[in-house]
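Q: Sequence and predicted structure below; questions after.
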Amino acid sequence: MPLRVAAASLAALPLAGCIPAGAPAISLFGAYFPSWLLCALIGILGAVLVRLVFIRVGIDDALPVRLPVYVCIAAAIGFAVSLLGFGR
């Protein structure tokens, strides 16, 4: 019997991080929007600003594949905002 309890406890250990906290939401104009939507928007706007800076400095012409670079920059900014703003 103690072996079964130990096995069940060991099997349930990876589920310890799963809590029913729900997804973070932002109240905007009386409706709740998921936080990832705001983070994605901030990431896109940040990538646009980075592109403007790259054009001004002259780095944009040296990029061989611009689209994947700017998509990765937008994702990195969005992930950073999500991590710093919501802790997820």
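A: Yep, it's here. In this text the structure is predicted, and so the values were computed from the model without any measurement.
Q: Am I right that residue 33 is in a helix?
A: No - looking at residue 33 with DSSP: H, G, I helix; E, B strand; the rest coil, it is strand, so not inside a helix.
Q: Identify all contacting residues around the lowest-mean-pLDDT helix or strand in the chain.
A: Every helix and strand in the chain was compared by mean pLDDT, DSSP states H and E; the lowest is strand 25-28, with a mean of 70. Strand 25-28 has contacts (Cβ atoms under 8 Å, 6 or more residues apart in numbering) with 32-35, 38. Glycine gets a C-beta too; all of them are placed from N, C-alpha and C.
Q: which residue is nearest the middle of the protein?
A: The chain has residue 79 as the residue nearest its centroid, 3.1 Å off, counting by Cα atoms, centre = their mean.
Q: what's the host helix or strand of residue 38 packed up against?
A: Following DSSP states H and E, one finds residue 38 within helix 35-57. Applying 3 or more Cβ pairs under 8 Å, 6 or more residues apart in numbering; DSSP states H and E, one finds that helix 35-57 contacts strand 25-28, helix 66-86.
Q: For the residue nearest to the centre of the chain, give me its contacts.
A: 39, 43.
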